[in-house]
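Student: Okay, structure incoming, though there's no sequence with it:
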């Protein structure tokens, strides 16, 4: 037998039993158990995680696409194809000169024979003397950041006038493709987001209905002691708000953590070594502040949707109960 | 305060449970409602408590036509009516104290403002020692008294009680009746539905008798 005077458990319980003197903590009117707690928290957390993942990926893809597009369209290439009776070196010099004079061009430089050979090395092998081969030569033109489509058109006209053998490749084909792919990814992302949103609303509707049905005797008693519907709905909503907050925090937090790990993991694995292409590809899936803001926004949205849906559902169920 | 005129009620397509019921409950009155089991006593109480709508006839309560009341108005009117159900309807997850305080709590009152009121009433019905106990632990008689205390805590204008002595021994039944008479003397209209003749014989009051769905009054 335990000695009551020294039993710490009883000592702790003692002040609680004093009654009127104890600090009163009101029991919630709607018992928490009627709200199918843990399962719904899990559902909301998973939904938030999926929605956050979607919005994070969309944001990352968008950022990636726009930075790639910017990189690609900041450079253009002038290609000069060898032809009979064409002095290719003179044509190169003329092209470089034309490019340097054109508006919106920051720099222009012809690739010398060695560089051209290096470009072709993977296909034609080392030790190549390109002087003997009809190989096209390139001028790399770097555009100034302010350059627009009009400058490129101007450059093209100027080239056509002075160096007819030159063609200008402004990489538009690539940047257009990238842009449209990015747009598709964003559209698919929003569609997924809408589906996840609908699924969240539906699961909250069913959970609320079940909770009100389980708490029907409580609702009846509240009605008979003169409680307004707004009070009853508020009681249920408080529970669902807590469920939503918990689920939203877990789901959103997990998504942020995942993106953070994805962003920093390649750097750890590399251990400070220069970036290799594969790592850069994953490493590029990093989120900027807007992406993290999006995840936060989605989590808040899920919490609000949970609370609002439960409130509406309770009102509708109460109307049926009357 | 409450006026029924030619009130009829049927459940679904069934026969009329109540036919042409006409009566009134004046202020500060005391009456028994009696009749055989299944005669419609509980139904009549539910009509008075606005939890059922009549299929025909008029119910006027505190000067308002019951048919035209919105949900919030019903809630406000119910705060002026105390009701004790046969099955108590206590919330099992709330303590006796919290159950009794519920009508005040749903009105948005602070706990501190009614704490002494509720404990006093609980002492008065003899539940002072059982204040912080959950209903499943209470005996039938204790639950009965808790339900009565809950009906009284809001100082209702009318008290409706459905078989309030159905679950208690005769000694406690007499005590509860004294409680109702006290309430009546302090200005509350009391209506007790019962088929306990012995109980009715203890207090001389108007009797409303239901049989075959019709209501007769014996003053």
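Tutor: Perfect, I can see it now. No experiment lies behind these values; they were computed from the predicted model shown.

Student: how about the residues of chain B near chain A?
Tutor: B:49, B:51, B:71-72, B:75-79, B:83, B:85, B:89-91, B:93-95, B:98, B:102-103, B:105-108, B:111, B:115, B:119, B:131-132, B:150, B:154 (C-beta under 8 Å from any C-beta of the partner chain). Using the backbone N, CA and C atoms, a C-beta is placed for each residue, glycine as well.

Student: And those residues, which of them are buried?
Tutor: Those of the residues of chain B next to chain A that meet the buried threshold are B:49, B:75, B:77-79, B:83, B:85, B:89-91, B:93-95, B:98, B:102-103, B:105-107, B:119, B:131, B:150, B:154, by 16 or more other C-beta atoms under 10 Å in any protein chain shown.

Student: Filter these down to the ones in helices?
Tutor: Residues of these located in helices (DSSP state H): B:75, B:77, B:78, B:98, B:102, B:103, B:105, B:119, B:150.

Student: which of those sit farthest apart?
Tutor: B:77 and B:119 (27.7 Å; C-beta to C-beta).

Student: Give me the neighbour count for residue B:110.
Tutor: With neighbours defined by other C-beta atoms under 10 Å in any protein chain shown, the count for residue B:110 comes to 9.

Student: What's the end-to-end length of stretch B:149-158?
Tutor: 14 Å (C-alpha to C-alpha, to the nearest Å).

Student: Relative to the whole chain's centre, how far out is it?
Tutor: Centroid separation between stretch B:149-158 and its chain, computed with C-alpha atoms, centre = their mean, to the nearest Å, is 9 Å.

Student: Buried ones in that stretch, by neighbour count?
Tutor: Residues B:149, B:150, B:151, B:152, B:153, B:154, B:156, B:157, B:158 are the ones in stretch B:149-158 that count as buried (16+ other C-beta under 10 Å).

Student: likewise stretch A:185-194?
Tutor: Neighbour-count burial for stretch A:185-194 [16+ other C-beta under 10 Å]: A:185, A:186, A:189, A:192, A:193.

Student: what about the host helix or strand of the last one, average pLDDT?
Tutor: Following DSSP states H and E, the helix or strand that holds residue A:193 is helix A:172-214. Across helix A:172-214, pLDDT averages out at 81.

Student: Distance-wise, check residue A:248 relative to residue A:42.
Tutor: Using C-beta to C-beta, to the nearest Å, we find residue A:248 at a distance of 12 Å from residue A:42.

Student: To clarify, my last question referred to residue A:188.
Tutor: Between residue A:188 and residue A:42 the computed distance is 26 Å (C-beta to C-beta).

Student: Quick check: buried residues in stretch B:164-173?
Tutor: B:164, B:165, B:166, B:167, B:168, B:172, B:173.

Student: which among the buried residues of stretch B:149-158 gets closest to residue A:243?
Tutor: For these, the minimum distance to residue A:243 (C-beta to C-beta) is 29.9 Å, reached by residue B:150.

Student: which residues touch the closest one?
Tutor: By C-beta atoms under 8 Å, 6 or more residues apart in numbering or on different chains, the contact set of residue B:150 is A:225, B:82, B:84, B:90, B:99, B:100, B:102, B:103.

Student: residues in contact with the fourth one?
Tutor: Okay, so that is residue B:90. Residue B:90 neighbours (C-beta under 8 Å, 6+ apart): A:221, B:99, B:135, B:143, B:146, B:147, B:150.
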